[in-house]
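*Asks:* coordinates only, no sequence provided:
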């Protein structure tokens, strides 16, 4: 009998069937620290929101979430690392519309597919893009920028956190809508662009609100417009692009957690449930709103549906913007 049991087990393993004793169930998960890849440098909007989620999850679940910045190439380097990680629930990434939805249409040789190689886990928040300038700048409104750009095409510069982001696309769509030509200056993340905008080294900053809101509230940046159809609840005094004559202008981005494709569905569901629970807590909501983002929970199915629909629709958006990787 003992020999028969050994033989059956050996055959099962040889056939690629894992015995239940060797597989970690959702009930046991997690049994070790979980790495959260942040695909941008420290200090930007993605970094701030990722650390809010990591810290709050650690507090509420007693899990160990370890944030790790892997910036570069518009966020696609960090996404690559997460997509190639083992599909066991111990590696996840804070993805966003920028690097997952727009990046694949701008970077032609990515070693991963957004649909085939990643699994949506939990939607966290969304935010409009903001256009701002130094408080010492002569530009007080979007109309001022448009008038100056028409007078001197390509002279006005705008900084962004990098090529292939929704912020990069928003800048190009602004040019198209206004009939102007600006000069795009891509940085390796939001914070370097922010610092150069404050110093006046670039004329405009195009940024996520979470990246810029601290300097706006500190009086170092003058916000000119938000790119969403409605005003931001975090900056209610800042007008939209539509209010300033750009009819139909509506650009925003979202943030969400992803794991490698093939991660067990019960582990994905467990992480989704914990993040969604977190997003109902006033302290978490306040922390996200304080960064200029809007918290929004979704089921795994809802997030997956939105993700796929956004990816399918974004090719036309990129083509309409005229954006390309330099």
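*Replies:* Received the coordinates, thanks. What you see is a predicted model, and the numbers here were worked out from it, not measured in a lab.
*Asks:* switch to C-alpha atoms for all contacts and neighbour counts from now on
*Replies:* Fine.
*Asks:* where do the strands sit along the protein?
*Replies:* For the chain, applying DSSP state E gives strands covering 34-38, 65-69, 91-96, 118-134, 157-160, 183-186, 204-208, 221-226, 252-260, 294-295.
*Asks:* who are the packing partners of the fifth one?
*Replies:* Meaning strand 157-160. Counting contacts by 3 or more Cα pairs under 8 Å, 6 or more residues apart in numbering; DSSP states H and E, strand 157-160 packs against helix 166-178, strand 183-186, helix 190-199, strand 204-208.
*Asks:* okay, these in CSV with mean pLDDT and mean neighbour count next?
*Replies:* Shown next, in CSV, are the helices and strands packed on strand 157-160 (pLDDT from 0 to 100; neighbours: other Cα atoms under 10 Å):
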stretch, mean pLDDT, mean neighbour count
helix 166-178, 87, 23
strand 183-186, 93, 19
helix 190-199, 94, 23
strand 204-208, 93, 31
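*Asks:* can you list these in a markdown table and add distance to residue 148?
*Replies:* Shown next, in a markdown table, are the helices and strands packed on strand 157-160 (distance: least, Cα to Cα, whole Å):
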| stretch | distance to residue 148 |
| --- | --- |
| helix 166-178 | 12 |
| strand 183-186 | 13 |
| helix 190-199 | 17 |
| strand 204-208 | 12 |
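*Asks:* list the buried residues for the longest helix belonging to the chain?
*Replies:* Of all segments of type helix in the chain, defined using DSSP state H, the longest is helix 300-321. The neighbour-count check on helix 300-321 (16 or more other Cα atoms under 10 Å) flags 300, 303, 304, 307, 311, 314, 318, 321 as buried.
*Asks:* for that helix, packing partners?
*Replies:* Of the remaining helices and strands, those touching helix 300-321 by 3+ Cα pairs under 8 Å, 6+ apart are helix 103-106, strand 118-134, helix 166-178, helix 265-279.
*Asks:* of these, flag the one that's most buried.
*Replies:* Stretch with highest mean neighbour count among those: strand 118-134 (a mean of 27; mean count of other Cα atoms under 10 Å).
*Asks:* wait, what's in contact with residue 204?
*Replies:* 131, 132, 133, 134, 156, 157, 158, 159, 197 (Cα atoms under 8 Å, 6 or more residues apart in numbering).
*Asks:* now it: how far from residue 82?
*Replies:* Counting by Cα to Cα, to the nearest Å, the separation of residue 204 from residue 82 is 33 Å.
*Asks:* ok now stretch 194-208, how far from the chain's centre?
*Replies:* 20 Å (Cα atoms, centre = their mean, to the nearest Å).
*Asks:* end to end on it, go ahead and measure it.
*Replies:* One end of stretch 194-208 sits 11 Å from the other (Cα to Cα).
*Asks:* go on, stretch 84-96?
*Replies:* 18 Å.
*Asks:* over to stretch 104-116?
*Replies:* From start residue to end residue, stretch 104-116 stretches across 12 Å - Cα to Cα.
*Asks:* buried sites along it?
*Replies:* 104, 105, 106, 107, 112, 114.
*Asks:* can you check stretch 236-246 too?
*Replies:* By 16+ other Cα under 10 Å, the buried positions in stretch 236-246 come out as 238, 239, 240, 241, 242.
*Asks:* same question, stretch 26-41
*Replies:* Buried residues in stretch 26-41 (16+ other Cα under 10 Å): 26, 29, 30, 34, 35, 36, 37, 38, 39, 40, 41.
*Asks:* now the second one: closest residue in space that isn't a chain neighbour?
*Replies:* Of all residues beyond its chain neighbours, the one nearest residue 29 is residue 267 (7.2 Å), with distances taken as Cα to Cα, 6 or more residues apart in numbering.
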